[in-house]
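K.L.:
sequence plus the predicted model coming up.
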Amino acid sequence: MEEEHVEQIVDGHEASGLSPRLKLALQFADAFFAADGPPPPDVQAALQQEFSEAELVEMGIGLALFHGVAKMLISLGCEPEQMDVGIHRTPGT
């Protein structure tokens, strides 16, 4: 995903001009970070049709690494002073 794509998702990707493939990848990320279980069956089917198994694994590992490092930095107090703080529930709570 290029920087120009990121600018389109600030207020939600559903109504953006992103390609259907990028929107689907973002649906996967949304489901991953929601941690309410697997994506809905229709999203799972679309993901399996659009992406190879290797691509899905790569996206999952990338999301897990990003999330893990972000949590570690927050826990260690390494957030920049000027960063907006968002409070989100922890999965499993």
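P.N.:
In hand now; what should we look at? Residues are numbered from 1 along each chain as shown.
K.L.:
ranges for the strands of this structure?
P.N.:
With DSSP state E as the criterion, the chain has no strands.
K.L.:
now the lengthiest helix in the chain: buried residues?
P.N.:
Of all the segments of type helix in the chain, defined by DSSP state H, the longest one is helix 53-75. By neighbour count on 16 or more other C-beta atoms under 10 Å, the buried set for helix 53-75 is L56, M59. For the C-beta atoms, the positions are set from N, CA and C on the backbone; glycine is no exception.
K.L.:
just checking, what packs against it?
P.N.:
Judged by 3 or more C-beta pairs under 8 Å, 6 or more residues apart in numbering; DSSP states H and E, the packing partners of helix 53-75 are helix 20-34.
K.L.:
what mean pLDDT does the helix it packs on get?
P.N.:
Helix 20-34 carries an average pLDDT of 87.
K.L.:
which secondary structure elements does that helix contact?
P.N.:
Helix 20-34 packs on helix 41-50, helix 53-75, going by 3+ C-beta pairs under 8 Å, 6+ apart.
K.L.:
residues in contact with the most centrally placed residue in the chain?
P.N.:
For the chain, the residue nearest the mean C-alpha position is A29 (2.7 Å; C-alpha atoms, centre = their mean). When contacts are counted by C-beta atoms under 8 Å, 6 or more residues apart in numbering, A29 touches M59, L63.
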